[in-house]
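K.L.:
using only what follows, build the 3D model:
(one chain, ligands or ions: 1)
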Amino acid sequence: MEKLMITGGRPLQGTVSISGAKNSAIALIPAAILAESEVILDNLPLLSDVAVYSEILEELGATVTWEGSQMKIDPSSIKSIPMPNGPVKKLRASYYMMGAMLGRFKEAIIGLPGGCNFEPRPIDQHIKGFEALGATVTNEHGAIHLHAKELRGTKIYLDVSSVGATINIMLAAARAKGATIIENAAKEPEIIDVATLLNSMGAIIKGAGTETIRIEGVSELHGCRHSIIPDRIQAGTYMIAAAATRGNVLIDNVIPKHMEALTAKMQEMGIGIEEYDESIRVLGAPSYEHVDVKALIYPGFATDLQSPMTSLLTQAQGVSVLSDFVYSNRFKHVPELVRMGAKIRVEGRSAIIEGGQLNAAKVKAADLRAGAALVIAGLTVSEGVTEVTGVEYIDRGYDHLVSNLRLLGADVWRQTE
Ligand code: EPU
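P.N.:
I've put the predicted structure just below:
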């Protein structure tokens, strides 16, 4: 078993460069299935989820070569192979195989996705979209079976503006007959990234990033080269870590616009923020004001930064209230932070956080962002060693975490037992 060991109390100093967005990468890789020739993805994050996706595509017959942060996917030999089990079970985002395979082959059998299960995460809106496009969808022994004689464009209103459902419908509709209109679509930057890739492949998609997306179906898509947007959640995590340790860090390769909800809250707390074209400097201060935060869909405060933000708010004076309106129950980091001495109680969909010092402890990451929260908490503690287990979750979303933190002056290392 691997653990992260942290001796905290050192202000982070220096520059960290952010890799490509995980939540884009794991949609862009399956999107390549829809092309008839080679797709090249640049700025790919080196993450376990990305490696699993490359395994899935190879199982289908694609040739995948991965060099540094570039992945070349030749999907020309891909076949329609049922995938009720195997690597699809390791990933939440394997649900994108449904839209991609349906778009290319009009059929798919995909085992129900695994991944971070901080609460039940339904896919009813994805299925509603596939059915509206003309597919029959059944759940047989834990695998989703999809089949369509043909896919026909239509108008789909999403009951919740789901990132996954919006992307999945775009994937299936890109090669459908006629126009599909998604209403109440999610607006996250990763959706624009997927639409940009699909358009470079020859698709006709307009309105990505707004609540109405129009997809004009085409009969064939071709290969292209695409550079993945920077990971706004990774960037936000380093921004929060810099502030929590009262450091001074330049976060490079970010799109500052994507960070607005976080920078606004950090400024409200009294944290110094300097914005440049592609970077943000975070300047810590001796004390911080308490704030209330509501995690919402984009452009609101990201739910994926809610757990790291909890750790930062333990460093503020007074009582902060942090509510999650995307996932009402995403608080698995709270009992672990309490183990470290944090004064936090959960009431409904809110965590009520009273500022105060934390202590070193042995804690367990139960999901990816909970893991990030615990690492940040450990970085604030100057006496003793904080041990974080559940490293496999953290590796799903943060590449080079230990080396990046060490470059910033943190005393962090991996230990295998
Ligand atoms: N929802 C439904 N029905 C659906 C789909 C979603 O009710 O069919 C609900 C969810 O339960 C949730 C809300 O809608 O309350 C939003 O879920 P969404 O579908 O947008 O989430 P997702 O696509 O499954 C992606 C990211 C998550 C991130 C959310 C919200 C990927 C693979 N995952 O999940 O990322 O939290 O969007 O921004 O892109 C993470 O990176 O740690 C992570 C969990």
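
K.L.:
can you pull the contacts of residue 19?
P.N.:
Applying CB atoms under 8 Å, 6 or more residues apart in numbering, one finds that residue 19 lies in contact with 43, 44, 45, 46, 69, 230, 231, 234, 253, 399, 400. To be clear about C-beta, it is placed using only N, CA and C from the backbone, and glycine gets the same treatment.

K.L.:
in helices only, show me the residues you listed.
P.N.:
Those of the contacts of residue 19 mapping onto helices are residue 234, per DSSP state H.

K.L.:
immediately after whichever helix or strand residue 403 is part of, which helix or strand?
P.N.:
Secondary-structure element containing residue 403, defined by DSSP states H and E: helix 401-407. Read in the C-terminal direction, the helix or strand following helix 401-407 is strand 411-416, with elements assigned using DSSP H and E.

K.L.:
what residues does that following strand touch?
P.N.:
Defining contact as CB under 8 Å, 6+ apart, one finds that strand 411-416 is touched by 1-8, 10, 375, 378-379, 387, 391, 402, 405-406.

K.L.:
so how far is the helix holding residue 403 from its chain's centroid?
P.N.:
Mean C-alpha position of helix 401-407 versus that of the full chain (CA atoms, centre = their mean, to the nearest Å) differs by 20 Å.

K.L.:
okay, buried residues for it please.
P.N.:
With burial defined by 16 or more other CB atoms under 10 Å, the residues of helix 401-407 counted as buried are 401, 402, 404, 405.

K.L.:
equivalent analysis for stretch 266-284, please.
P.N.:
When burial is assessed from 16+ other CB under 10 Å, stretch 266-284 yields the following buried residues: 266, 269, 270, 271, 273, 279, 280, 281, 282, 284.

K.L.:
the third one contacts residue 290, doesn't it?
P.N.:
No. Counting by CB atoms under 8 Å, residue 270 does not reach residue 290; the two are 10.3 Å apart.

K.L.:
and residue 345, what helix or strand is that in?
P.N.:
In this structure, residue 345 sits in strand 343-347 according to DSSP H and E.

K.L.:
can you check the pLDDT for residue 142?
P.N.:
Residue 142 carries a pLDDT score of 86 in this model.

K.L.:
with residue 118 instead?
P.N.:
64.

K.L.:
ditto for residue 209
P.N.:
In the predicted model, residue 209 carries a pLDDT score of 98.

K.L.:
enumerate every residue touching it.
P.N.:
For residue 209, the residues meeting the contact criterion (CB under 8 Å, 6+ apart) are 187, 189, 191, 192, 195.

K.L.:
make sure I have this right: the fourth one is in a helix.
P.N.:
In other words, residue 192. Yes. Secondary structure assignment (DSSP: H, G, I helix; E, B strand; the rest coil) places residue 192 inside a helix.

K.L.:
against residue 24, how distant is it?
P.N.:
Residue 192 sits 9 Å away from residue 24 when distances are taken as CB to CB, to the nearest Å.

K.L.:
okay, those two: which has more neighbours?
P.N.:
residue 24 (30 against 18; other CB atoms under 10 Å).

K.L.:
which of the helices or strands spans that one?
P.N.:
With DSSP H and E as criterion, residue 24 is part of helix 22-31.

K.L.:
got the domain boundaries for this structure?
P.N.:
The record's domain split for the chain, according to automatic domain parsing, is 2-19+230-416, 22-227.

K.L.:
what's the closest of those domains to the ligand?
P.N.:
The closest approach between the ligand and any of the domains of the chain, judged by CB to the nearest ligand atom, belongs to domain 22-227 at 2.9 Å.

K.L.:
is the closest one in proximity to the ligand?
P.N.:
Yes. For domain 22-227, a contact with the ligand is found by CB under 6 Å from any ligand atom, at 23, 26, 92-93, 116, 121-126, 160, 162-165, 186.

K.L.:
ends of that domain, what's the gap?
P.N.:
The first and last residues of domain 22-227 sit 13 Å apart, counting by CA to CA, to the nearest Å.

K.L.:
and if you look at stretch 215-228?
P.N.:
The separation between the terminal residues of stretch 215-228, taken as CA to CA, is 21 Å.

K.L.:
I'd like the distance between residue 47 and residue 397.
P.N.:
Between residue 47 and residue 397 the computed distance is 7 Å (CB to CB).

K.L.:
which one's more surrounded, the two?
P.N.:
Residue environment comparison for residue 47 versus residue 397 gives the larger neighbour count to residue 397, 24 against 21, counting by other CB under 10 Å.

K.L.:
tell me the mean pLDDT over stretch 308-315?
P.N.:
Per-residue pLDDT values across stretch 308-315 average out to 98.

K.L.:
for the strand holding residue 345, which positions count as buried?
P.N.:
Taking 16+ other CB under 10 Å as the criterion, strand 343-347 shows residue 344 as buried.

K.L.:
can I get it in PDB, CA atoms only?
P.N.:
Taking Å, rounded to 0.1, in the frame of the first residue of the first chain, the C-alpha atoms of strand 343-347 are listed here in PDB:
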ATOM      1  CA  LYS A 343     -13.800  22.000  13.800                       C
ATOM      2  CA  ILE A 344     -16.300  21.100  11.000                       C
ATOM      3  CA  ARG A 345     -19.800  19.800  11.100                       C
ATOM      4  CA  VAL A 346     -22.000  18.800   8.200                       C
ATOM      5  CA  GLU A 347     -25.600  20.000   8.100                       C
END
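
K.L.:
contacts only, for the residue lying closest to residue 408 once chain neighbours are set aside.
P.N.:
In space, not counting the residues next to it along the chain, residue 408 is nearest to residue 12; the distance is 4.1 Å by CB to CB, 6 or more residues apart in numbering. Residue 12 makes contact with 241, 242, 245, 247, 248, 249, 379, 405, 408, 409, 410, according to CB under 8 Å, 6+ apart.

K.L.:
all strands of the stretch 151-300 of the chain, in order?
P.N.:
Remark: strands assigned in the stretch 151-300 of the chain by DSSP state E, counting those that start in this stretch are 155-157, 179-183, 204-206, 212-216, 224-227, 248-252, 272-275, 279-283, 288-289, 292-295.

K.L.:
surely residue 197 and residue 30 touch.
P.N.:
No. Counting by CB under 8 Å, residue 197 sits too far from residue 30 to count as a contact (10.9 Å).

K.L.:
tell me, how many residues neighbour residue 182?
P.N.:
For residue 182, using other CB under 10 Å, the count is 28.

K.L.:
just the pLDDT for it.
P.N.:
With respect to pLDDT, residue 182 has a value of 98.

K.L.:
quick one: the helices in the stretch 101-250 of the chain, in order.
P.N.:
Defined through DSSP state H, counting those that start in this stretch, the helices belonging to the stretch 101-250 of the chain, from first to last, are 124-132, 163-173, 189-200, 232-244.
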